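Peer 1: Need a 3D model of the following:
(2 chains)
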2 protein chains.
Amino acid sequence: MSKPTLLTPQSTDFPRWYQDVIARAELADNGPVRGTMVIRPTGYALWERMQREVDDRIKAVGGRNAYFPLFIPESYLQREADHVEGFSPELAVVTHAGGKQLEEPVVVRPTSETIINSFFSKWVQSYRDLPMKLNNWSNVVRWEMRPRIFLRTTEFLWQEGHTCHATEAQARAHAREVLDDVYGAFMTEVLAMPVVKGRKTARERFAGATNTLTCEAMMRDGKALQMGTSHELGQNFARAFDVQFLAASGQREYVWQTSWGVSTRMIGGLIMCHGDDAGLRVPPRLAPVQAIVLVVRDDADVRARAHQVVSELRDAGVRTVLDEQTDISFGRRAIDAELKGVPVRVELGPRELAAGKAVLVRRIPGTKEPVALAALVPEIEAALRTDQQTLHDQALARREAASPLVESLDQAREAATHGWARIPWSTLGEQGEASLAEHAVTVRCLTRPDGSVPDHGDESDVIAWVGRAY
Amino acid sequence: MSKPTLLTPQSTDFPRWYQDVIARAELADNGPVRGTMVIRPTGYALWERMQREVDDRIKAVGGRNAYFPLFIPESYLQREADHVEGFSPELAVVTHAGGKQLEEPVVVRPTSETIINSFFSKWVQSYRDLPMKLNNWSNVVRWEMRPRIFLRTTEFLWQEGHTCHATEAQARAHAREVLDDVYGAFMTEVLAMPVVKGRKTARERFAGATNTLTCEAMMRDGKALQMGTSHELGQNFARAFDVQFLAASGQREYVWQTSWGVSTRMIGGLIMCHGDDAGLRVPPRLAPVQAIVLVVRDDADVRARAHQVVSELRDAGVRTVLDEQTDISFGRRAIDAELKGVPVRVELGPRELAAGKAVLVRRIPGTKEPVALAALVPEIEAALRTDQQTLHDQALARREAASPLVESLDQAREAATHGWARIPWSTLGEQGEASLAEHAVTVRCLTRPDGSVPDHGDESDVIAWVGRAY
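Peer 2: Next up is the predicted model:
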């Protein structure tokens, strides 16, 4: 039986494959206003799982959630020079409200450094108030010229963390802690995405930051996706908004700050890092549905046993759903589960039941084999653990194979046609960076040769990771 | 020792008491754009717990979360006549974005019936697709002339559910299921607020609905707060957006719909229903922090034992925090816990430790007594259960005492100066309703004499609950 071709193959047209997966797996749709998106239940369930996992890690490093307003007075953005320059072209502006023209137009938040700092200036008084670590889950708006669903949308969902510290060293340590223990750990362990963690060059830095740290992932077409960033803001916003504290010494000092965020863009990264020609492959630790139990044909005994299997799996802590919609063809339901990337599928029909077995189909390795019903739960638990690691290792192997260490700009540009290159920053430099940029190749980040994050961009031996990026 | 007066007493000036609690308990702040608010961590933690509890109940009745865009083309709102009339005066409009004037202005969503129906018209094809039950957690904007924090803000956070059904009876049953099993159950069991569930009169109905069901709570000043609503939309939006399905009969039919929502306004309701002159009183089932363990004075043994108490409470599933900030005066920390309404406070100092005891302070009944350390966990578990019920029963007793059954408009108006009145709808009627409205007294809802929800407004014996409202 030949498989119906639902998706454009990745090798034929990767961007079209991406759009196809999003449509067929019912992840999202374009909104009516250019660049906006509707996140459908299957896509939103991925986001809810991401939120829960990231939120737990944010709280573990001392963050507390709060909510800041969507609307920011236009004048606030103008207080930090680099910041306003970076964001002005992307702003959406409300000029009319309540049937009248507003006296001062308000912008729809593109990010909240300015409004949050206006409150830090009230709330931070003494060294006892520090560190202050706030996090906001919200929607933000940046008017995009070339929107692409999940990756670059006019409105997206994200979290933005904002913190105040008494010293530069404490702020620096916190920016690193978020990079490592929140984002890096989540992406590697839960998303199964072996991200490269490093520093941005001055050219790629966030507008208003003194240093930007980043997690960069390789997609299956060899391009890079910036998955999340953690910034040191120095005292830039503290000075612009007068955020001072009374130090233990009795002196008034400006606070040192960080900000950091991840967004619905991670869903796009997940799709493009793990997906194949049959659809999504969702890592088991993230998956909203880890196992789906399919009743092959309508049969009372089969149904009863399928319900039992679902109960057993749920009791074992496996997120499981039952599909007993036998009025829809079995093939269509199986393909739907593949498209949506459900890690494990259990097929149960009268023939299997008679043999005391079920068919276990594993989406990630693509295997399909009969398993004794009595052994199903431990088999599935083991499969989920193994397949989580498999996804990670496959992505790591692809990245390693496609990130050669090169010695010249020409070699770097050549490598970037189908992957990344690593090149000594001393060889590349800002001149080389500008030259690569003309070919749409950018420095994704700087690391030390052993992959660790440099404390400064001017450490000797620093390596630049370059590639094309989304 | 006389207690420092932190809050304006409720009896002196209830609205000022409300503002004082919000400021002193650090729940929220006014935003820079008129009518917007910042929800601070202590307030946001209440919202997170509300979200979790409501979300679980929405999923239990088959709802699936999704996300729809913030921006809606202005033309969408105009497709349903009552709807646009109801919302036009409150809209915020984006006219400029990305540095240019927009061809068609976009409105910032005041509610999402229109945009969601534009997608239902794509997604709903056959009776197999029904019921379709979506829910969106988001922020919405309604430009308010008389903003009041949490109760009436230009931007607020909420969830809005939107469902499609094959028949009117199914839509009606779902609107009731949400009223009873989601909102009513949550408010009564978790918020400890004995809400009255009933139907709105035609005058008070949601713009675009055929029927609005509501949960109404009495505040401690005798005014009403609408805590949540569940609407039957009939086929109004289905016709406006052409949402049709192929019925089992082979005919194309318009779907029948519901929509329903609760918002951050519930935080305001919680404050005003349970709070007293010392601050908030948070029901234990809701409380982000159910118990706080205070180290009275710096002492190594006391600290060690306090850590152990915290562990034991957490192991028992009690949400507990430790306060060992002995550089801040004990009195100030105790008052802060009272202000924030933490249900149980455990005070542990060297003297208590020597006696093998701790002092257990219960916020809701206001009791304070020594308890043997060995008995602390079961005592606290029992206290949390009892005090949850106490809050509910106090609120119910207040409402019952302040909702007399009256026989004339004059009596109703008189009762509404300090509470509610119940009056037969046959006595009041639409004329009487209009007459009361001139005195700012409105019909909160209609119920049957036994308190159940009438199927129609014109059932005989229906009772109108009237009062002033926020």
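Peer 1: What segments of the stretch 51-200 of chain A are helices?
Peer 2: A:74-77, A:81-87, A:113-123, A:168-177, A:185 (DSSP state H, counting those that start in this stretch).
Peer 1: hey, which of the ones you listed is tucked in deepest?
Peer 2: Stretch with highest mean neighbour count among the helices of the stretch 51-200 of chain A: helix A:113-123 (a mean of 23; mean count of other Cβ atoms under 10 Å in any protein chain shown). Where C-beta positions appear, they are placed from N, C-alpha and C, glycine not excepted.
Peer 1: Can you tell me what sits against stretch A:364-377?
Peer 2: Stretch A:364-377 is contacted by residues A:281, A:305, A:309, A:312-313, A:316, A:318, A:343, A:346, A:352, A:355-362, A:379, A:387, A:390-391 when judged by Cβ atoms under 8 Å, 6 or more residues apart in numbering or on different chains.
Peer 1: Likewise for stretch A:43-55?
Peer 2: Taking Cβ under 8 Å, 6+ apart as the rule, stretch A:43-55 contacts A:22, A:25-28, A:39, A:65, A:137, A:157, A:159, A:182-183, A:186, A:190-191, A:262, A:264, A:266-267, A:270, A:282, A:286-289, B:64-67.
Peer 1: What subset of the residues you listed is buried?
Peer 2: Among the contacts of stretch A:43-55, those classed as buried by 16 or more other Cβ atoms under 10 Å in any protein chain shown are A:22, A:25, A:27-28, A:39, A:65, A:137, A:157, A:159, A:182-183, A:186, A:190-191, A:262, A:264, A:266-267, A:270, A:282, A:286-289, B:65-67.
Peer 1: For chain B, give me its nearest residue in the stretch 151-300 of chain A.
Peer 2: Chain B sits closest to A:Glu155 of the stretch 151-300 of chain A, with a gap of 5.3 Å, by Cβ to the nearest Cβ.
Peer 1: Could you double-check that that residue lies in contact with A:Ser138?
Peer 2: No: using Cβ atoms under 8 Å as the test, A:Glu155 is too far from A:Ser138 to be in contact (10.5 Å).
Peer 1: Going by proximity to chain B, name the top residue of the stretch 101-250 of chain A.
Peer 2: Closest point on the stretch 101-250 of chain A to chain B, by Cβ to the nearest Cβ, is A:Trp143, at 3.5 Å.
Peer 1: Any idea how many residues pack against that residue?
Peer 2: 23 (other Cβ atoms under 10 Å in any protein chain shown).
Peer 1: Excluding chain neighbours, what is closest to it?
Peer 2: Closest residue to A:Trp143 apart from its sequence neighbours, by Cβ to Cβ, 6 or more residues apart in numbering or on different chains: B:Gly98 at 3.5 Å.
Peer 1: can you check A:Val262 too?
Peer 2: Distances taken as Cβ to Cβ, 6+ apart place A:Gly228 nearest to A:Val262, at 3.9 Å, with adjacent residues excluded.
Peer 1: thought the one you found was touching A:Met187?
Peer 2: Yes: using Cβ under 8 Å, A:Gly228 is in contact with A:Met187, at 7.4 Å.
Peer 1: which residues do those two both contact?
Peer 2: Here A:Gly228 and A:Met187 share the contacting residues A:Cys215, A:Met266, scored by Cβ under 8 Å, 6+ apart.
Peer 1: Could you check the helix or strand containing A:Val377 and say which residues are buried?
Peer 2: Applying DSSP states H and E as the criterion places A:Val377 in helix A:376-401. Using 16+ other Cβ under 10 Å as the test for burial, helix A:376-401 gives A:376-377, A:379-381, A:383-384, A:387-388, A:390-392, A:394-395, A:398-399.
Peer 1: Please apply the same query to stretch A:338-352.
Peer 2: Across stretch A:338-352, burial judged by 16+ other Cβ under 10 Å covers A:338-349, A:352.
Peer 1: in the stretch 351-470 of chain A, which spans are helices?
Peer 2: Listed in chain order, the helices of the stretch 351-470 of chain A (DSSP H, counting those that start in this stretch) span residues A:376-401, A:409-415, A:425-437.
Peer 1: which one of A:Glu155 and A:Ser138 has more residues nearby?
Peer 2: Taking neighbours as other Cβ under 10 Å, A:Glu155 and A:Ser138 compare with A:Glu155 leading, 23 against 20.
Peer 1: wait, isn't A:Ile72 in contact with A:Ser112?
Peer 2: Yes: using Cβ under 8 Å, A:Ile72 makes contact with A:Ser112 at a distance of 7.5 Å.
Peer 1: quick one: which of these two has more around it?
Peer 2: Using other Cβ under 10 Å as the criterion, A:Ile72 and A:Ser112 rank with A:Ile72 on top: 26 against 23.
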